[in-house]
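Student: sequence first, then the predicted structure:
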Amino acid sequence: MEALSLVLGIPLVGGLLLAIWGGGRAGQDLNAVVSFLTLAAAAWLTADVIRDGPLLVWGEWFFLDALNVFLVTLTAFVGFTTSLFSRPYMRIEVDHGKMTPGRMRLFHSMYQLFNCMMLVALTTNNMGILWVAMEAATLTTVLLVSVYRTAASLEAAWKYFILCGVGIAQALFGTILLYLAAERAIGGGDNALLWTHLAEAKHLLDPRILSLAFVFLLLGYGTKIGLVPVHNWLPDAHAEGPTPISAVLSGLLLNVALYAVLRCKVLADGALQNGLPGQMMIGFGLVTVVAAAFFLSRQRDVKRMFAYSSIEHMGIMTFAFGIGGPVANFAGLLHMTVHALIKSAIFFAVGHATQKAGSQLMEDIRGLIKVSPTVGWGLMLGTLAILGMPPFGVFASEFLILTTAMRELPWATPFLLIALGVAFAAIFSKVQPMVFGETSVRPLAHSPALLPVFIHLGLGLMLGLYIPPYLNDWYQQAARMIAGG
Amino acid sequence: MVTLSGIVAQILAIVVALALAPLLTGWVNQWRAWLQNRSAPSLLQPYRMLHKLFNKESVLAESASPLFRIAPYIVFACMALVCGIAPTLSTDLPLATAADAIALVGLFALARVFISLAAMDIGTSFGSLGARREMLIGFLAEPALLMVLFSASLITQSTSLANIVQTIAHQPFAIYPSLAVAGVAFTFVALAENARIPVDNPATHLELTMIHEALILEYSGRHLALIEWAASLKLLAYSCIGLALFLPWGIASADTPLAMLIALPVLIAKLAVGGIVLALIETINAKMRLFRVPEFLATAFLLAVIALLVHVLLGA
Amino acid sequence: MDALLAQSINLFAVVLLVLAFAMIAQRRILTLIHLFTLQGAALVAATLVVAYLTGQHHLYWSAAITFVLKVVLIPILLHRVINRLNVRWDVETLFNIPTTMLIGIVLVIFAFNLAAPIASLSASVASGTLGIALACVLLSFLMMIVRAKAVPQVIGFLSMENGLFFAATAATSGMPMIVELGIAFDVLVGILILGVFMFQIREQFDSLDIRHLEKLKDE
């Protein structure tokens, strides 16, 4: 209970403090400290949940089980490492005149509030509050995407706001329908939207309402996940916002949106009993993977390319959760973790690389390894990891997903394999000359923060070789829960 | 079944309509003048005008065919018949069984076709211009009118106007959202069909904008009188249909023939208020450009369709 | 009396729907804001009637919030924005209104079909209105697609929120209070951010035409 209040309270208070003192160098340190404290509180909370099992906190307002507590830790962790990365990154941006103290205040404050909102979304037991927190998380990042005030960033932020606003409005309609079903099954009132109550009564929920509700929820939250064809905001927001924001958008926000869909899927599965939600997710996931792989091969902007790679991986996860069952769910959760870690690591490396080259176009970034071997290797290893090379964790999860798909849905496997192949060829052929070869980039005043990159890669590597038993336990518990057990 | 009271009601309805129609026109003109701060013509001005025109010689163009001569009579007959079908005073009308709401729209169309043919008959450019504009408006207004009548008949499961009004008037008061929307659509159609602002200006002879006046430019004498009278009848018929559909209270039905005694003052009161509202609409709106008219009528059609859909969804 | 009040909810629902259509076809920004205000007022009226009929006291509160937010605060903000941006008398050229309207009708039919089987399941006083609410949402969506200026797009966004709110009130007799508060807060913050945005866009492009915002494309 205290742990949860700290997890939610620290970023909230931190966000308010940073709105006042977040402008100078001290602000950057304060930002990192707040993020670290959040991580510590999240670790405490996790320890509580491991010890005592699922928790209901503050009456029934907040609920913690294996599924969300691992995402809470992941969110706090990536939030912390990103704050470390953003220190030197933002210093350089200030030197370049792209950021002013006022904008830095905005950036830090919104960064913490964004974290806070994601943690609320993850921990709340109320499906309505989940929606509110998701929308609030969008609002906090909209201003971050447009923080440079360039034409392109304004356009990206406007698109982000309007498209996500429209998308999330569909999710609200789905939530209303969910409430309608709950009203009939367990009576109205404040408790009718609590997930724990809904999950207990999921067999009583009317299947007709729930099937319609799930369509809207999937489309709505799917906009945030970046599912094709409602993904258009995602590459723009990733490419035009500051790189730390690209890292947390890809690593965290997409996960939280997928988490929301998973919670809804459990309810819809229970009510429908016909596997329709899973089939819809399989369909969307497959389309997303294939479309993203082909879009990806046509990109010239490095951040855009990796944004499409995020879309592709979200598609893989959606596909995996769509298949359902303990193994596929396990693989999906593992993929969520390693993707969050490795994709944010890539964005850290890309951030430094683009600052050195002064451009986001891949043809302008050449021979990183000559100027900064660490950034070069970081980018190269991260790319190999995200492409699913063994022994990184992505390989393990993709292997599990592919083998399950071969067993359950043989027709889908060729599509997946082709998409993965296209993505591999496209990304590798573009990253290789960026890292090796003749150089065109120059060194910068502040040394890059590469510790986060290698911590993330190290963890990703570890998860490919060895999953600690307690983590394994979490995953299995969560996988069973999503499978409806 | 034709009863004596039915026949009385029928005759009375037509006679009242013929007598009252110019009065309504005069009333609207008077109010419009007042609202626009002009000194108003007398209430009886339309009667004087009809009297004057009937006493004048009718001048015909050399190229006029017999069609030109019979058109005013056909138009007038159509409008008189419409007034006989529309439930003005009572719903117990022997003629009403002969023609339902769809035939009613057909009667309006018949009148329109003849007056347009007659306008083109002489071969002046104004006549053809007016005919073309009139047909344009008719082609858009008729479907909208039909949709309005359909949504009313969906509620009552009948296309006979008398039955519709009978059903709506003699059941406990209920709010029909579909009828509310249909009412707005009907107002739009009525404004367009009766050559009122914002579609046409009944008081203008400006060649660029006129529609109705361009049609009848070649008529004079008793022909013109008949056409003007028919126009008044049309206004009265539309007003009565609108009032009967959307505010049906006070209309007498078959089993209460004496209620006709109350129905007449009620009708006059409703028409008086309706006339003021029409004058008000004409005062506060400006005439729209001709190419906006299709949009105006498309809106009416849209509203009528919404009414229909809403009825299907809500059952009310 | 109660029966009449229940029927009046349907009437308000239809008013919302007709206003949604009117907003699609409206060229003047100023009139658009008036229409939006009217829509908010109809929403408040519908909420009050539902609150009275179901005896749910929290609905009075949400009616009050809606009134403050959508009839007073947001219209005032919008008026200020269009004054400051000097677009008060802007008239947008809209092509193909009839086609848009036809698409709108198709959307309405689609929404009604989607909601029809569910409507009978709702215990609320105004169950049939779920279809109308969904239709309003889709129509606002259509409006956002066809509009090329920033302010109308934002108004479309807000009117979509109106449709959703109406769905919550009419079909389920109100979501839990805390959720409604959260939604209201999000809307308010959202509109403030959008306001800030419009100034930034104006500064950057000298125009509020979002056709300028079509540079980012996948080549």
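Tutor: Thanks, I have it.
Student: run through the helices of chain C in chain order.
Tutor: C:2-25, C:29-54, C:57-66, C:74-84, C:97-119, C:129-146, C:150-172, C:177-205 (DSSP state H).
Student: could I get those helices in TSV, plus columns for distance to chain A, mean pLDDT and mean neighbour count?
Tutor: Every C-beta, even on glycine, is put in place using the N, C-alpha and C of the backbone. What follows is the helices of chain C, written out as TSV (distance: least, C-beta to the nearest C-beta, whole Å; pLDDT from 0 to 100; neighbours: other C-beta atoms under 10 Å in any protein chain shown):
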stretch	distance to chain A	mean pLDDT	mean neighbour count
helix C:2-25	14	88	21
helix C:29-54	10	92	21
helix C:57-66	9	89	19
helix C:74-84	15	88	17
helix C:97-119	5	86	18
helix C:129-146	6	90	26
helix C:150-172	5	87	26
helix C:177-205	3	84	18
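Student: how about those helices in CSV, adding distance to B:Ile11?
Tutor: Output for these, formatted as CSV (distance: least, C-beta to C-beta, whole Å):
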stretch, distance to B:Ile11
helix C:2-25, 38
helix C:29-54, 46
helix C:57-66, 55
helix C:74-84, 57
helix C:97-119, 44
helix C:129-146, 46
helix C:150-172, 50
helix C:177-205, 63
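Student: figure out which of the ones you listed is closest to A:Leu333.
Tutor: helix C:177-205 (28.1 Å; C-beta to C-beta).
Student: quick check: which helices or strands does the closest one pack against?
Tutor: Contacts defined by 3 or more C-beta pairs under 8 Å, 6 or more residues apart in numbering or on different chains; DSSP states H and E place helix C:177-205 against helix A:127-145, helix A:151-186, helix C:57-66, helix C:74-84, helix C:150-172.
Student: and of these, who's closest to chain B?
Tutor: helix C:150-172 (11.3 Å; C-beta to the nearest C-beta).
Student: ok, the closest one near chain B or not?
Tutor: No - using C-beta under 8 Å from any C-beta of the partner chain, helix C:150-172 never reaches chain B; the gap is at least 11.3 Å.
Student: next, the angle from that helix to helix C:2-25.
Tutor: Taking axes from the mean of the first three to the mean of the last three C-alpha atoms, to 10 degrees, one finds that helix C:150-172 is oriented at 160 degrees with respect to helix C:2-25.
Student: off-centre distance for helix C:150-172?
Tutor: With C-alpha atoms, centre = their mean, to the nearest Å as the basis, helix C:150-172 stands 3 Å off its chain's centre.
Student: which strands or helices does that helix pack on?
Tutor: Applying 3+ C-beta pairs under 8 Å, 6+ apart, one finds that helix C:150-172 contacts helix A:151-186, helix C:2-25, helix C:29-54, helix C:57-66, helix C:74-84, helix C:129-146, helix C:177-205.
Student: where along the chain do the strands fall?
Tutor: The chain I'm using is chain A. Taking DSSP state E to define them, one finds strands in chain A at A:55-57, A:62-64.
Student: nope, chain B please
Tutor: Going by DSSP E, chain B shows no strands.
Student: residues of it that sit close to chain C?
Tutor: By the rule C-beta under 8 Å from any C-beta, the part of chain B lying against chain C is B:173-178, B:180-181, B:184, B:294-295, B:298-299, B:302-303, B:305-306, B:309-310, B:312-316.
Student: let's see that with 7 Å instead.
Tutor: Contact residues (C-beta under 7 Å from any C-beta of the partner chain) of chain B with chain C: B:174-175, B:177, B:180-181, B:295, B:298, B:302-303, B:305-306, B:309-310, B:313-314, B:316.
Student: and which of the residues you listed is nearest chain A?
Tutor: Nearest to chain A among those: B:Leu313, at 15.8 Å, using C-beta to the nearest C-beta.
Student: centre-most residue in the chain?
Tutor: Since you didn't name a chain, this refers to chain A. Centroid-nearest residue in chain A, with C-alpha atoms, centre = their mean: A:Leu252, separated by 2.8 Å.
Student: looking at chain C here, not the other one
Tutor: Closest-to-mean residue, chain C, C-alpha atoms, centre = their mean: C:Ser159 / 1.3 Å.
Student: what's that residue in contact with, if anything?
Tutor: Residues in contact with C:Ser159 (C-beta atoms under 7 Å, 6 or more residues apart in numbering or on different chains) are C:20, C:23, C:36, C:39, C:140.
Student: where does pLDDT dip in chain A?
Tutor: The model of chain A has pLDDT under 70 over residues A:1, A:443-445, A:485.
Student: please identify which of the helices and strands packed on helix C:177-205 is closest to A:Asn115.
Tutor: Short answer: helix A:127-145, nearest of those by C-beta to C-beta, at 9.0 Å.
Student: OK, contacts around A:Gly332?
Tutor: By C-beta under 7 Å, 6+ apart, A:Gly332 lies in contact with A:317, A:320-321.
Student: ok, of those, which one's closest to chain C?
Tutor: Distance to chain C across these (C-beta to the nearest C-beta) is lowest for A:Met317, with 22.7 Å.
Student: do you know how far that closest one is from chain B?
Tutor: To chain B, A:Met317 is 39 Å away according to C-beta to the nearest C-beta, to the nearest Å.
Student: that residue reaches A:His335, doesn't it?
Tutor: Yes - contact status for A:Met317 versus A:His335: in contact at 5.3 Å, counting by C-beta atoms under 7 Å.
Student: which one's more surrounded, these two?
Tutor: The neighbour count for A:Met317 versus A:His335, taken as other C-beta atoms under 10 Å in any protein chain shown, is higher for A:Met317 (28 against 25).
Student: look up how far B:Glu282 lies from the more buried one.
Tutor: Taking C-beta to C-beta, to the nearest Å as the measure, A:Met317 falls 65 Å from B:Glu282.
Student: could you dump the helices and strands packed on helix C:177-205 to TSV with distance to A:Phe392?
Tutor: Shown next, in TSV, are those (distance: least, C-beta to C-beta, whole Å):
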stretch	distance to A:Phe392
helix A:127-145	28
helix A:151-186	30
helix C:57-66	50
helix C:74-84	50
helix C:150-172	42
